[in-house]
Structure formats: C-alpha cells, structure tokens
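next input, structure requested:
(chains A and B)
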Amino acid sequence: MTAVPVATKPIGVGWNPRRYFGGFWRHPLARAVLKAVLTIWVTTTLTFFLIRLMPGSPVELKIDELIQTSNGALTYDDARAIASGLFAINLNAPLHEQYLSFLWSLVRLDLGSSFLSSGTSVTSIILAVLPWTLFSVGAGLLLSFVVGIGLGLMAAYRRNSLFDHVVSTGGSVISSIPNYLLALLLIVFVGVQFRLINFTSMRGAYSSGITPGFTPAFIADIFYHAALPITIYFLTQIGHWILSMRSATLSALEEDYVTAARARGLSDGRIRTAYVGRNAVLPLVTQLAISVGFIVGGAAIIEQIFAYQGVGLRLLAAVTQRDYPVIQGVVLLTTVAVVVANLIADLLYSKLDPRIGRAGGAAG
Amino acid sequence: MTTAVFVRPTLGQRLAGPAQAVVDFLRVLSRRPVGLAGLIGIVFFLLLAFVAPLFVPLTNDPDVTSLYQTPSLAHPLGTDFQGKDVLNQIVYGGQPILIVAILAAFFSTLIAISFGSIAATIGGRLDAAILAITDVTLTLPKLILLIAVAAIVRPTSFLFLAVILALLQWSSLLRQVRSQVLSLKERDYVEAARSLDLGIFHIVFREILPTMRSYIAIHFILAMTEAMYAQVGIILLGLVPLSGANWGIMLYFAYNQGALFFRDSLWYILSPIVAISLVQLSLVSFASALEDIFNPRLRGA
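Predicted coordinates for the structure are as follows:
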C-alpha cells in the first residue's frame, strides 16, 4: 500500500469504478432504495427461519398433523410431500436451495396456498383485504396530519394562550392512551352506554347488498363501515402531529430568515405559509412514513375490535386457525407495503427539500 | 469543606450529594405540575402493584351469585363475569404488566446503549453494519411481526415475552445513542481520556455515558410505554397463554366474554382501561417533563 495514493491521480482520467459507485451509493435516493430492498430481504429471511428452521416449526407441526389425521395411511415422506406443496417449499432439497427458491417465489409473489382452503393462493387472499387496511389507515392518517398540522401551527402562533394549553394538553393526553383502549372506550360509551350508533351494522368493509364500483352509494357505504377505525387512527395520531408541528413552528419562528423576512416587510400570511409553515412541515413528512408502518401494525387490534375486514383481521383469523402460509404472507406483504410507503416519503421529501436531491451531486 | 487535604468522605457526606440532587430535582419538577403529577402517578402505581398485594388478600374464587355487580361496599369496583372482585384484580393485575414493561425497557436500553456506543466509537464497517440493521428494524411493522412471532413461539414466561418485546424496540434509541456518542467523543475531556490511554470501556462507561444519563432515563420510560402497549395488545388478542390476575387478561375476558356489550359491566371494563391509561399517561408526562428539564434548548417551548 506504499504505492501511489489514489487521490493523487488526476480526477476524470481513466475509469474508477469505486469512485463512481461510491458517489452513487452516497446519493440519498439510491440509499433509500437499497434500504427498502434490504428491509424486505431481512424480513423474508427472518420469516423463513421462523417457519422452517425452528424446532417445532410450522412445517414439522403440519407433517405431524397430516400423519395423525390420516390414521397411519400416510407415511412420513408422503406427509412431507404434501407439506412441501402447501408451503411451496421443496423440503427434500438442501437447505440453501430451499432458501433460494423461497426468495425466488417471493419475487414472483407466490406465497403458497392457504391450509384451510387449498387451491386459494395466499397472495389473492391478502390482496383482497390489503386495500381496506391501506384505505382506512391512509384516510385516518391524512386527516390527523392535516388537522394536526393546522392546530399545531395555530397553537404555536398563539403560544401560552388558552387555545394553546387546551390543544397541547389534549393532544398529549389522547396520544398517550393506547389506540385499542380508545376503541374499546368508543364501543363502551358511544355504542353500549348511550346507544348513539348501531356499530354491529358497521362491521365488515362494506354492506352485503351493495355492488362495488365507483358509485356515490358505494363510496358512502365504504366510509360508513370504515368510520370507526378511521376515527381511532385519527384520534391516536392527531396529538403527535399537533405537538410536533407546534415545536417545529416555534423553532422555525426563531430562525434568522424569518426575522429577515419580517424586516423586509413581507405580510404575516406569506411568512406563515412560505417561510415558517413550509420549513416546519418538511421534517414531519418523514415522520409520516414511519407512522404508516406503526399504524398498519397497530391496525391489527383495531380491526379485530371493530371486525373490519382488513389485513389485521385476516392475520388474526389465520393465527387462530394456525394457517401459517397466510401468517407468513401477511408479514411479508405488510412489510413490502410499509417499505414502499417509506420509499415514497423519502422521494417526496427530496422533492420538497431541494437540498436533499443535490447531495452527492450525482443527480439533480 | 474547602480544605486542600483530601479526606475520604463519611457515609453521611456521600449520601448528602445524591440527597441534595433529589431535593433539587423535585424543586425543579414542582414548577411543572404535569410532570409532578406524572411522577406521583408512577409512584402510586408502583406501590399499588408491588406493595399493596402484600397487604390485600387475593380473592380468586368465582362466585356465581354475584355476576357483573355494580359498585358496592363489598365490591368497590363491582364484580366480573365470574363474580370475582374487580378491585382485587386491579391490585394484583398491575405487577405482571409492569414487570414485563420494566424488563423489556431494560433489555432494549441495554442493546441500544452497548451497540450504539460500540458503533460510534469503533466506526468503519461495523458502524455501517449496525446502522443498516437499525434502519431495517426501524421500518418493520412491529406489531404484525410480534403477532406472528407470538403465534409461532407462544411466549409462556414473562422473561421470554420481555425479551421478544425488547428485540423489537431497541432501534430508535440506538440511533440516538450513536449520534450522541459521535458528537460527545470529539469533546475535549474525551480526547484527554483517550490521550491518557484509559481504554475504550473507561471512555464509554465513565466519560461518555454519564453525560447521557437523563437522556437514557427518558428513553427507558418511553420504552416502558411501548412495551406496555405491545404487551397488553397481544394479551388482548389472546396470543399469550398466561393466566392469573393481569390487567391485559381482564381486558381479554371483557372482550371475549361479551362483557363489552353488556350495560351493567361498565365498571369491570373501565377499571383496567383506566388503570393502563393512567400508567401510560403518568409515564409520558413524567418523561416529557424530564426532557423539558434536561434539554434546555426546548425549555419553555
């Protein structure tokens, strides 16, 4: 290593792959994509190990169950062959080949078929329920984001007023109560004690008699059935946005560029939206992505409580029926959904904040 | 006490420092009523969970003659679907939840501090690897993963449950420990310790971590709230084969035995909900008061 150091070579002469790729991977967007792929891969591997390699793993359990229910008609090898088909894993292949084929089937979105209704692919089961979860979570999250940002901005501008105290205290109280407890409280008070709404008619994703389509009746029905989950996602998230926006606005108000804008005589409204609001909201956009993951996960309990036909309810049904391919599929597809949401937020963030896109200088 | 000769302090003198610190801390805290209320709430629930069971006899026998009773002198919070006293279950049911929450917070803080400071002090490839793993864990849908893991491994002991919870929630603290250590290790006193060749353990545990005490305490409390949330959630779903008095199990039965839809069972359902919410509220408001006190940049904001 005592030869000529790389740095003394004139830049741009010859092709230096390390330098090229180094710059490429230092680019935030390339890193975001890499991170997304890595996250999906780690979850896949973790799931594979849980399903396949643990003592008393689902595959072994299924083989035992098949032998027992057949009353000795099936040999171990027969049962193993059936289990292979159900899990979409060739159990006779060496372990590393099983792992690679498992990864390959994930790439093709082939997650095996359900134990209970054989022939139904796990992918189709999940794709039927995933939109409902994403819709209710997305609606609740967006609503809480918009309202929370507004309230937080107003609270910061009227710092230490009665409005500020009520909004910030209320926000911190409601956001520290677990979402499923709020859901139970909603049922207990609004549904049972005061009988304001008949929430058994709100179960499911939509009413049974109605035909799906882009009709006003169907859209109204969707919102009617999703109203309770959306309310809970809204209530549990809004405190966080109020408090974050309030403190982000307060620190933005002390920045020099705001003082400079005031000195230049810009109107209060323009300062509020273009200088303070914009800079305070930016960091919150990335938090939005992290909360998508958090709520999609937390949605499982909420969907169970309200009997809303989303991924969480399907997952819990699979858990009680020990339908492992479905459990595995839900874990993988939810991870993919969350990772994609994160990626979109990263892209959006670099779009909103021009400084991010220019870092590394590889793209603009 | 301004003598130049060093005298080994007596026990009383050595305790005077921390005692004074506690008094000072309480004085600062008393100016933040919400934080003080949080501390009182935490102390109350710790006493309720760990001391009260020593004085209150466990009444665990079902009594079919008194199902779903409303509050009375004999049953101040009414009775449940088996006629058991609700107040008694509240007294006994906090301990397992708090133990798991404290253990999970302890393990996750331990993971975050050790790997975060190792990543920051050693740097290079190891740092990049630890950071990549942290980023990945940060984006995982944790509750879904927890439900799947709990469904497959069936955590039957509190310790096991705490370890699973800790393995899912160390990531955000690790990132912050790492960035704190990264900035602290450039400080003069750390440079001085390094030039004295005091070793990496001395530098991390004696020079860097003590300055992060308040920071770690805040995160410990927040990790407790996260662990409680996830824990009660999977107990409510019936995924943890635990038995005995437990606020989460009370909720599980309230939901599964239909008490939720029964008008007279209001007290039975509300008791664990209020207890869990109050613990969470106390922890969160105490943590935010601590942040207010120890992070002067945000003070008054």
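
up against chain B, what does the stretch 201-350 of chain A have?
Residues of the stretch 201-350 of chain A found near chain B (Cβ under 8 Å from any Cβ of the partner chain) are A:247, A:250-251, A:290, A:293-294, A:296-298, A:300-301, A:304-305, A:311-312, A:315-316, A:319, A:322, A:324, A:327-328, A:330-331, A:334-335, A:338-339, A:342. (Glycine included, C-beta is placed from N, CA and C.)

can you give me the strands for the stretch 1-150 of chain B?
Assigned by DSSP state E, counting those that start in this stretch, the stretch 1-150 of chain B shows no strands.

equivalent analysis for chain A, please.
For chain A, no strands turn up when DSSP state E is the criterion.

neighbours around the residue of the stretch 101-250 of chain A at minimum distance from chain B, how many?
Proximity to chain B, evaluated over the stretch 101-250 of chain A using Cβ to the nearest Cβ, is greatest for residue A:176 at 4.0 Å. With neighbours defined by other Cβ atoms under 10 Å in any protein chain shown, the count for residue A:176 comes to 23.

wait, it sits on residue B:279?
No. The criterion here is Cβ atoms under 8 Å, and residue A:176 misses it with residue B:279 at 9.8 Å.

hang on, the earlier thing: the residue of the stretch 101-250 of chain A closest to chain B: what's it in contact with?
Shown in contact with residue A:176 (Cβ atoms under 8 Å, 6 or more residues apart in numbering or on different chains): A:239, B:225, B:277, B:280, B:281, B:283, B:284, B:285.

for residue B:75, same thing?
Contact criterion Cβ under 8 Å, 6+ apart gives B:66, B:69, B:85, B:86, B:87 as the residues in contact with residue B:75.

pretty sure the second one is in contact with residue B:78, am I right?
Yes. The pair residue B:69 and residue B:78 passes the contact test of Cβ under 8 Å, sitting 5.1 Å apart.

which bits of the stretch 201-301 of chain B sit near chain A?
Of all the residues in the stretch 201-301 of chain B, those in contact range of chain A (Cβ under 8 Å from any Cβ) are B:225, B:228-229, B:232-233, B:236-237, B:239, B:251, B:254-255, B:260-263, B:266, B:269-270, B:273, B:276-277, B:280-281, B:283-285, B:288, B:298, B:301.

so how do I select the buried members of those in PyMOL?
This is how PyMOL selects the buried members of those, with burial counted by 16 or more other Cβ atoms under 10 Å in any protein chain shown:
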select buried, chain B and resi 225+228+229+232+233+236+237+239+251+254+255+260+262+266+269+270+273+276+277+280+281+283+284+285+288
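
excluding its backbone neighbours, what's nearest residue B:236?
Closest residue to residue B:236 in three dimensions, ignoring its sequence neighbours and counting by Cβ to Cβ, 6 or more residues apart in numbering or on different chains: residue B:251, at 5.0 Å.

so the one you found is in which element?
When secondary structure is defined by DSSP states H and E, residue B:251 falls within helix B:247-256.

helix or strand right after that helix?
Past helix B:247-256, heading to the C-terminal end, the next element that is a helix or strand (DSSP H and E) is helix B:266-294.

and that next one, how far out from the chain's middle?
In terms of Cα atoms, centre = their mean, to the nearest Å, the centre of helix B:266-294 is found 11 Å from the chain centre.

give the rounded mean pLDDT of that helix.
Averaged over helix B:266-294, pLDDT sits at 88.

angle of it against helix B:247-256?
Counting by axes from the mean of the first three to the mean of the last three Cα atoms, to 10 degrees, helix B:266-294 points 140 degrees away from the direction of helix B:247-256.

where's the closest residue to chain B within the stretch 1-150 of chain A relative to residue B:171, distance?
Scanning the stretch 1-150 of chain A for proximity to chain B using Cβ to the nearest Cβ identifies residue A:39 as nearest, at 4.5 Å. Per Cβ to Cβ, to the nearest Å, residue A:39 is found 12 Å from residue B:171.

and the two? Which one has more around it.
Between residue A:39 and residue B:171, counted using other Cβ under 10 Å, the more crowded position is residue A:39 (23 against 20).

from what I see, the more buried one and residue B:139 are in contact.
Yes. In this structure residue A:39 lies within contact range of residue B:139 using Cβ under 8 Å: 5.3 Å.

mutual contacts of those two, please.
What both residue A:39 and residue B:139 touch, as defined by Cβ under 8 Å, 6+ apart, is the set residue A:339.

quick one, what contacts the residue nearest to residue B:34 when sequence neighbours are not counted?
Setting aside the residues directly before and after it, residue B:34 is nearest to residue B:285 in space (Cβ to Cβ, 6+ apart), at 4.9 Å. For residue B:285, the residues meeting the contact criterion (Cβ under 8 Å, 6+ apart) are A:172, A:176, B:34, B:35, B:37, B:38, B:41.

just the buried members of those?
When neighbours are counted using 16+ other Cβ under 10 Å, the contacts of residue B:285 contain these buried positions: A:172, A:176, B:34, B:35, B:38, B:41.

of all the residues you listed, which comes closest to residue B:22?
The shortest separation between residue B:22 and any of those is 14.8 Å, and it belongs to residue B:35 (by Cβ to Cβ).

show the contacting residues for the residue lying closest to the closest one once chain neighbours are set aside.
Nearest non-adjacent residue to residue B:35, counting by Cβ to Cβ, 6+ apart: residue B:289, 2.2 Å away. With contacts taken as Cβ under 8 Å, 6+ apart, residue B:289 has the following neighbours: B:29, B:32, B:34, B:35, B:36, B:38, B:39.

also residue B:184?
By Cβ under 8 Å, 6+ apart, the residues touching residue B:184 are B:190, B:208, B:211, B:212.

tally of neighbours for the residue in chain A positioned nearest to chain B?
When distances are taken as Cβ to the nearest Cβ, chain A reaches nearest to chain B at residue A:297, 3.5 Å away. Burial of residue A:297, expressed as a neighbour count using other Cβ under 10 Å, amounts to 24.

and it, what's its pLDDT?
Spelled out, the predicted local distance difference test score at residue A:297 is 73.

for the nearest residue to it once chain neighbours are set aside, which residues are in contact?
Spatial nearest neighbour of residue A:297, excluding adjacent residues (Cβ to Cβ, 6+ apart): residue B:143 at 3.5 Å. The contact partners of residue B:143, by Cβ under 8 Å, 6+ apart, come to A:297, A:298, A:300, A:301, B:230, B:233.

closest one of those to residue A:154?
Using Cβ to Cβ, residue A:298 is the member of the contacts of residue B:143 that sits closest to residue A:154, with 27.7 Å.
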